[in-house]
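>>> Show me how the following folds:
(2 chains)
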Protein chains: 2
Amino acid sequence: MQIVFALYDQFTALDAVGPYEVLSRLPGAEVVFAARERGPVRTDSGLTVVADAAFEEIDKCDLILVPGGPGTREAVLEGQGLVTWLRLVHPTAQWITSVCSGSLILGAAGLLKGLDATTHWSVRNELEATGATYVPERAVFQGNIVTAAGVSAGIDMALSLAARIAGDVAAQAIQLLIEYDPQPPFDSGSLAKASPETIGFLTENPSAG
Amino acid sequence: MQIVFALYDQFTALDAVGPYEVLSRLPGAEVVFAARERGPVRTDSGLTVVADAAFEEIDKCDLILVPGGPGTREAVLEGQGLVTWLRLVHPTAQWITSVCSGSLILGAAGLLKGLDATTHWSVRNELEATGATYVPERAVFQGNIVTAAGVSAGIDMALSLAARIAGDVAAQAIQLLIEYDPQPPFDSGSLAKASPETIGFLTENPSAG
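Okay, the predicted model is just below:
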């Protein structure tokens, strides 16, 4: 199974790396990190990763994952060749997935019209502007289109997807392997749970974003 | 605050990228990905990341994070220059941390003798051989040495560490930003919780590892 992580400048590393640690461990998985051109791709917080392939080298694949991040806005405007590639290649894929604001790129390619979908809480209005209905869930399955909420939600989405692809036991084995037994020290991971003080901190400290 | 992610061939990407998404968002954080030499570093499942600095360029820093992965064994044997660098530089750091089998590298540098520590469940005996006492917790704080359990546990550890560095509200704001409200579809993330069938699957499908 060929799994393409579709990258662009200023994506958020964990959006891709969380699902990668799950999906790359599926029996028979072959992962490809692709971008406009081969070579280094800068993420949003300092890490640089390497694209093994250019989009134009890939005309079919089994699974596509589009991460989110501050670079989404430029990617949507076709500054990165990603929307055109998605439009061409998505019919060949069994699964088309996004994490965080990556959903806006699926939306720009016209893939979310009339569907329920999710995204990072901060861009839920932009998601609805693509014709989707925002649902505040960790992962939303609509046929072969799967969207996940912000950043870390990609891990939950990927485990659900792994179970559909290879069965519950395989997914549970991967969960054990990456020791995904989350015990966050706080319960502040969603807009519904975070305190007004926490939300206010983000507004006053954009560097934390 | 300068935060060094100390990389080596065949590390596990999520071990570093989970904490990176948390710690890089601390006010004043400056992240550096370092390795034996500048340039591409291959992770264990296909992704390549870029080291911005060679170990020999860094003679002090505020926080060190050592990820785990299958490459740990060679790194411990000093194939990657990491143990020597750790011995030299750790006295300058306020925090010395590991994720997963990265603890074995701290151990090889002599930093865990007589301490409680944690690691990936599969290498708990190797951890004890370094003089540490294995504790099956997500994160173990012992003075300025912090060890996390396998792979995804680095996110929990980093949030606890972020709170000690910048306060609870800052850590909670980062948790909200990365939407870390985990809802795994299964409860199979630790050896105590996984079924015998799941553990058996890992034995029979080493490719899942």
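>>> How about the secondary structure of A:A34?
strand (DSSP: H, G, I helix; E, B strand; the rest coil).
>>> And for A:S45, nearest residue in space, chain neighbours not counted?
In this structure, A:S45 finds its nearest non-sequential neighbour in B:S24, 3.9 Å apart by C-beta to C-beta, 6 or more residues apart in numbering or on different chains. (Each C-beta comes from the backbone N, C-alpha and C, glycine too.)
>>> Please read the previous query as pertaining to A:E128.
Spatially, and ignoring its direct neighbours in sequence, A:E128 is nearest to A:Y134 (5.4 Å; C-beta to C-beta, 6+ apart).
>>> quick one: the one you found and chain B, what's the gap?
14 Å (C-beta to the nearest C-beta, to the nearest Å).
>>> number of nearby residues for that residue?
Around A:Y134 there are 19 other residues, counting by other C-beta atoms under 10 Å in any protein chain shown.
>>> Same question for A:I3.
A:I3: 24 neighbours (other C-beta under 10 Å).
>>> Verify the assumption that it is located in a strand.
Yes. Per three-state DSSP, A:I3 lies within a strand segment.
>>> need the strands for chain A, in chain order.
Remark: strands assigned in chain A by DSSP state E are A:2-6, A:30-35, A:39-42, A:48-51, A:53-54, A:63-66, A:95-99, A:116-117, A:133-134, A:139-142, A:145-148.
>>> List the buried residues of the second one.
Right, strand A:30-35. For strand A:30-35, the buried set under the neighbour-count rule, 16 or more other C-beta atoms under 10 Å in any protein chain shown, comprises A:31-35.
>>> hang on, the earlier thing: specify the beta-bridge partners of the residue nearest to A:E128.
Taking DSSP bridges as the rule, A:Y134 bridges to A:A117.
>>> Quick check, it in contact with A:V123.
No. A:Y134 lies out of contact with A:V123 (C-beta atoms under 8 Å); the separation is 9.3 Å.
>>> which residue sits closest to A:A93, ignoring its sequence neighbours?
Per C-beta to C-beta, 6+ apart, closest to A:A93 is A:I64, 5.1 Å.
>>> Repeat that for A:F186.
Once flanking residues are discounted, A:F186 sits nearest to B:Q172: 5.0 Å by C-beta to C-beta, 6+ apart.
>>> Quickly note the distance from the residue lying closest to A:G110 once chain neighbours are set aside to B:A132.
Leaving aside its sequence neighbours, A:G110 sits nearest to A:R87 (C-beta to C-beta, 6+ apart; 7.1 Å). A:R87 sits 53 Å away from B:A132, going by C-beta to C-beta, to the nearest Å.
>>> cool, and A:R36?
Counting by C-beta to C-beta, the gap from A:R36 to B:A132 is 46 Å.
>>> who has more neighbours, those two?
A side-by-side neighbour count of A:R36 and B:A132, using other C-beta under 10 Å, places B:A132 first with 27 against 20.
>>> Tell me where the model's unsure across chain A.
A:206-209 (pLDDT under 70).
>>> 80 - rerun?
Low-confidence segments of chain A, defined by pLDDT under 80: A:78-80, A:205-209.
>>> With only the CA atoms kept, save the longest helix seen in it in CSV.
The residue-count maximum for a helix in chain A (DSSP state H) belongs to helix A:153-166. Coordinates of the C-alpha atoms in helix A:153-166 are reproduced here as CSV (Å, rounded to 0.1, in the frame of the first residue of the first chain):
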residue,chain,number,x,y,z
ALA,A,153,-5.9,14.3,16.4
GLY,A,154,-4.1,12.7,13.5
ILE,A,155,-2.9,9.9,15.8
ASP,A,156,-6.4,9.0,16.8
MET,A,157,-7.6,9.2,13.2
ALA,A,158,-4.8,7.0,11.9
LEU,A,159,-5.5,4.3,14.5
SER,A,160,-9.2,4.2,13.4
LEU,A,161,-8.1,4.1,9.8
ALA,A,162,-5.5,1.4,10.5
ALA,A,163,-8.2,-0.8,11.9
ARG,A,164,-10.4,-0.4,8.8
ILE,A,165,-7.4,-1.2,6.6
ALA,A,166,-5.8,-4.1,8.5
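>>> which residue ranges form the helices in chain A?
A:13-23, A:72-76, A:82-89, A:102-108, A:124-128, A:153-166, A:168-177, A:196-204.
>>> which of those is buried the deepest?
helix A:13-23 (a mean of 30; mean count of other C-beta atoms under 10 Å in any protein chain shown).
>>> and it, how far from the chain's centre?
Helix A:13-23 sits 8 Å away from the centroid of its parent chain (C-alpha atoms, centre = their mean, to the nearest Å).
>>> which helices and strands sit right next to that helix?
Judged by 3 or more C-beta pairs under 8 Å, 6 or more residues apart in numbering or on different chains; DSSP states H and E, helix A:13-23 is in contact with strand A:2-6, strand A:30-35, strand A:63-66, strand A:95-99, helix A:153-166, helix B:13-23.
>>> Sheet partners, orientation included, of the second one?
Just to be clear, that refers to strand A:30-35. Strands that pair with strand A:30-35, judged by DSSP bridges, come out as strand A:2-6 (parallel), strand A:53-54 (parallel).
>>> Deepest in the core, which of those is it.
strand A:2-6 (a mean of 24).
>>> related to what we said a few turns ago, can you name the residues that contact the residue nearest to A:E128?
Taking C-beta atoms under 8 Å, 6 or more residues apart in numbering or on different chains, we find A:Y134 in contact with A:117-119, A:124-125, A:127-128.
>>> mind running it again at 10 Å?
A:103, A:116-119, A:121, A:123-128, A:140, A:147 (C-beta atoms under 10 Å, 6 or more residues apart in numbering or on different chains).
>>> Tell me which residue lies nearest the centroid of chain A.
For chain A, A:V99 is the residue whose C-alpha lies nearest the centre (C-alpha atoms, centre = their mean; 2.2 Å).
>>> how about it, what does it touch?
A:11-12, A:14-16, A:18-19, A:65-69, A:118-120, A:139, A:146-155, A:157-158, B:179.
>>> Good, we can wrap up now.
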